[in-house]
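> Attaching a predicted model along with its sequence, questions to come.
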Amino acid sequence: MKPLTKPTLQNICNQLASHDWSDAELDELVNPKLGIITGFQDLLDELETLRKIDLGDTPPALTVQKR
Amino acid sequence: MMTTEIAFQDIRSLRKMIDAKTITPGEIVDVFAGRIAAYNAVSRAFITETTEDAATAAAMLTHTDLAGSPLAGIPYASKDLFDVRGVPTTAGSRVFHDRIATEDAFAIAQLRAAGTLSLGKTNLHEFAYGATGENDVYGTCVNAYDPTRLAGGSSSGSAAAVAFGLVPAALGTDTGGSVRAPAALNGLVGLKPTIGRVPTHGVVPYCWTLDHVGIMTRTVADGADILSIIAGYEPRDPASINLPQENYAQDLGESISGLRIGIPANFYFERVDPEILMALERVKEHLSDQGARLVPVTFPDMEHTRTVSLTVQMPEALSAHSAYLQDRGELYGKDFRAGLALGQCVLAEHYVKAKRFIECYRQQTNALFSDVDLILTPATPEIAQKLGTVKTTRDGVDEAVGNAITRFTTFFNMTGHPALTMPCGLHSEGLPMGLQLVGRYFEEKILFQAAHNLERNEAFSIPLPNVDA
């Protein structure tokens, strides 16, 4: 995947997002400074790794049951 | 008895005093109201205190009420995500500054019916988004053992309230360790029951998939008694499980001989403060001496667990907050908005894949419980950190302090297994160290049984904090 850029996020948010996000907030996703969450690029890289892991026919988790 | 001595009594001891008529519930409320007035400025534990309402309720308790429940007449507090009828639920945020609850949350209603007395609503990381408990609006809770250090979060006020002797027990919520980790950092017992065992109805959601109601107490028995009251079924909570009520204190004092205790061979004993590792070695020795069998277990690949958790958390949080973002977006704190913005950009495929990973984690962890009855881990890899600390470094690896606080707890929110943290010694820096026990689904009784056995060994007890200093 190509590295994420702010214009890419701006286009996504302009056309698809349900909420308005400020320039500063999009900057934070591209170049995180608050130190609270994973940088978005790092997250995307990890998600791409996860995507390639074959989970067979495992469904999404729902409620738990007594065994 | 001195006010301070009453303030640090556990629930069962307070009830014995009530039953012996050496003190009334109203007098107990007065003691804690005085302490909240004296210590809230330093601890920052409470956002809203309701001690006058509690005094009124205490005065109305009858002999029949007191005889009807082991918790009647006992004060408690709840994290300010729980709705308490007629009281603000701020969620630690400006966004909810004017939100007054019209109905009790499920757990609060159970406690009210049992005759307990709510002393107020406790501080938290805004909307439970974060494990440090830092809050720009209501202040940051400090650690009772060292007020230059964090209480931890997100149920920071609940931990501080119990640790400072402002209340004998508190409810919190636990989405990645937000009850267990601050309990451990403050020398308390923290329980996250099996997901679905305590309904989350009436609790401001952060992440439906991972949110649990949890309990903080001074003793294991108190935790068992509270769970016996608040466990139940609520059809308005789709994760709620319809199982019979249980007496979770039933097996306290029973031998643990023959219990099989899983000791993780990977992840849980890596990059940990050496003093915490030494404390866990003493715990293992004790368990062996008591006749338990230590069995090595290997967890699935843990490399991606935090990413999986985050990928579920942020889209769910965004969905939960969508209406408020529309109307009051400018009132959110910067860090939470940043998280919500991230949630906006996670794809649906990512979210579903993460939920499938969670199902894998559940199946793999259930398989481990074919060979063991419990699993033992450290509660946290580090002791409470100094206020303002951004990252910790252990064995050359940097880690955001919030991630470090919850590194060993967050996985069991995904799997949903019950988990309990408790003290296991005092660090040379004067801060509590904690262990974590994890059990099979709905087998909280075994957790309490083993934890109670450990609690009775004085080698693992820690002194009360010297909050007056």
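On my side now, so go ahead. Numbering: from 1, shown residues only, chains lettered A, B, ... in the order given.
> List the buried residues in the longest helix seen in chain A.
What stands out as the longest helix in chain A, according to DSSP state H, is helix A:40-51. Going by neighbour count (16 or more other CB atoms under 10 Å in any protein chain shown), the buried part of helix A:40-51 is A:Phe40, A:Gln41, A:Leu43, A:Leu44, A:Glu46, A:Leu47, A:Leu50. To be clear about C-beta, it is placed using only N, CA and C from the backbone, and glycine gets the same treatment.
> Also stretch B:458-469?
Quick answer for stretch B:458-469 (16+ other CB under 10 Å): B:Phe460, B:Ile462, B:Pro465, B:Val467.
> Any chance you could list what contacts it?
B:4, B:8, B:39, B:43, B:144-145, B:163-165, B:186-187, B:279, B:282-283, B:286, B:422-426, B:432, B:454-455 (CB atoms under 8 Å, 6 or more residues apart in numbering or on different chains).
> Dump it to CSV, keeping only the CA atoms.
Taking Å, rounded to 0.1, in the frame of the first residue of the first chain, the C-alpha atoms of stretch B:458-469 are listed here in CSV:
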residue,chain,number,x,y,z
GLU,B,458,0.0,-12.1,54.8
ALA,B,459,3.0,-12.1,52.6
PHE,B,460,0.8,-10.7,49.8
SER,B,461,-1.0,-8.1,51.8
ILE,B,462,0.1,-4.5,51.6
PRO,B,463,-0.1,-1.6,54.2
LEU,B,464,-2.9,1.0,53.8
PRO,B,465,-1.8,4.2,52.1
ASN,B,466,-0.8,7.0,54.4
VAL,B,467,-3.2,9.5,52.7
ASP,B,468,-2.9,12.0,55.6
ALA,B,469,0.8,12.5,54.8
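> distance between that stretch and the chain's centre?
19 Å (CA atoms, centre = their mean, to the nearest Å).
> quick one, what contacts the residue in the stretch 301-450 of chain B that chain A sits nearest to?
Closest to chain A within the stretch 301-450 of chain B is B:Lys355: 3.5 Å, counting by CB to the nearest CB. B:Lys355 is in contact with A:Pro60, A:Ala61, B:Thr209, B:Val312, counting by CB under 8 Å, 6+ apart.
> Can you get me a residue count around B:Ala159?
B:Ala159 has 37 neighbours, counted by other CB atoms under 10 Å in any protein chain shown.
> Whichever residue of chain A sits closest to chain B: neighbour count?
Residue of chain A nearest chain B, by CB to the nearest CB: A:Pro60 (3.5 Å). Neighbourhood size, A:Pro60 [other CB under 10 Å]: 15.
> same question, the one 5 residues further on
Residues contacting A:Gln65 under the criterion other CB under 10 Å number 9.
> That one touches B:Phe442, doesn't it?
No - using CB atoms under 8 Å, A:Gln65 makes no contact with B:Phe442, being 9.1 Å away.
> now check the longest helix along chain B, is it near chain A?
In chain B, assigned by DSSP H, the helix with the most residues is helix B:305-328. Yes - against chain A, helix B:305-328 shows contacts by CB under 8 Å from any CB of the partner chain at B:Arg306, B:Thr307, B:Val308, B:Leu310, B:Thr311, B:Met314, B:Leu318, B:Ser322, B:Leu325, B:Gln326.
> ChimeraX command to pick out the buried ones of those residues?
Here is the ChimeraX command that selects only those of these that count as buried (16+ other CB under 10 Å):
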select /B:306,307,308,310,311,314,318,325
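> which non-adjacent residue is nearest B:Thr377?
Residue nearest to B:Thr377 in three dimensions, not counting chain neighbours: B:Tyr268, with 4.0 Å by CB to CB, 6 or more residues apart in numbering or on different chains.
> Could you do B:Asp273 as well?
Using CB to CB, 6+ apart, the closest residue to B:Asp273 is B:Glu382 (5.5 Å).
> That neighbour is in contact with B:Arg271, isn't it?
No - with contact defined as CB under 8 Å, B:Glu382 does not count as touching B:Arg271 (9.3 Å).
> more neighbours, these two?
A count of neighbours by other CB under 10 Å puts B:Glu382 above the other of B:Glu382 and B:Arg271, at 22 against 16.
> pLDDT score assigned to that one?
According to the prediction, B:Glu382 has pLDDT 98.
> How about A:Thr63?
pLDDT at A:Thr63 comes out at 82.
> tally of neighbours for it?
Neighbours of A:Thr63 (other CB under 10 Å): 11.
> who are the neighbours in contact with it?
Taking CB under 8 Å, 6+ apart as the test, what A:Thr63 contacts is B:Ile195, B:Gly196, B:Pro238, B:Ala239, B:Ile241.
> what do you get for B:Leu166?
B:Ala7, B:Phe32, B:Arg35, B:Ile36, B:Tyr39, B:Asn40, B:Ser43, B:Ala45, B:Phe46, B:Ala77, B:Leu119, B:Ala160.
> where's it, which helix or strand?
Using DSSP states H and E, B:Leu166 sits within no helix or strand.
> residues in the stretch 51-200 of chain B within reach of chain A, list them.
B:Tyr129, B:Gly130, B:Thr194, B:Ile195, B:Gly196.
> Most neighbours among these, which one?
Result: B:Tyr129 is most packed of those (other CB under 10 Å), 31 neighbours.
> gap between stretch B:76-96 and the chain center?
On CA atoms, centre = their mean, the centre of stretch B:76-96 falls 16 Å from that of its chain.
> Okay, and the beta partners of the spatially closest residue to B:Val297 that is not a sequence neighbour?
Leaving aside its chain neighbours, B:Val297 sits nearest to B:Gly262 (3.8 Å; criterion: CB to CB, 6+ apart). Under DSSP bridges, the beta-bridge partners of B:Gly262 are B:Val295, B:Ile375.
> neighbours around residue 2, how many?
You didn't say which chain, so I picked chain A. Neighbours of A:Lys2 using other CB under 10 Å come to 5.
> Actually, chain B is the one I wanted.
B:Met2, neighbours per other CB under 10 Å, totals 7.
> so who does it touch?
B:Met2 touches nothing, counting by CB under 8 Å, 6+ apart.
> cool, and B:Ser69?
Counting by CB under 8 Å, 6+ apart, B:Ser69 touches B:Ala114, B:Gly115, B:Ile229.
> try it again with 6 Å
By CB atoms under 6 Å, 6 or more residues apart in numbering or on different chains, the residues touching B:Ser69 are B:Ala114, B:Gly115.
> ok, B:Glu285 - how many residues close by?
B:Glu285: 12 neighbours (other CB under 10 Å).
> just checking, it is part of a helix?
Yes - looking at B:Glu285 with DSSP: H, G, I helix; E, B strand; the rest coil, it is inside a helix.
> Distance check, it against B:Met278.
With the distance defined as CB to CB, to the nearest Å, B:Glu285 ends up 11 Å from B:Met278.
> so where is the chain shaky, pLDDT-wise?
Chain wasn't specified; assuming chain A. Applying pLDDT under 70 to chain A picks out residues A:1, A:34-38, A:66-67.
> Can you look at chain B instead?
In chain B (pLDDT under 70), the answer is B:1.
> Let me see the contact set for the most centrally placed residue in it.
In chain B, the centroid-proximal residue (CA atoms, centre = their mean) is B:Val179; its distance is 1.9 Å. The contact partners of B:Val179, taken as CB under 6 Å, 6+ apart, are B:Ser155, B:Gly172, B:Gly190, B:Lys192, B:Gly214.
> Which of these sits closest to B:Asp373?
Relative to B:Asp373, the closest of the contacts of B:Val179 is B:Lys192; by CB to CB it sits at 17.9 Å.
> Beta-bridge partners for the closest one, please?
Residues in beta-bridge contact with B:Lys192 (DSSP bridges): B:Ala419.
> Could you double-check that it sits in contact with B:Asp174?
Yes - counting by CB atoms under 6 Å, B:Asp174 is a contact partner of B:Lys192 at 4.3 Å.
> between those two, what contacts are shared?
Counting by CB under 6 Å, 6+ apart, the residues touching both B:Lys192 and B:Asp174 are B:His212, B:Gly214.
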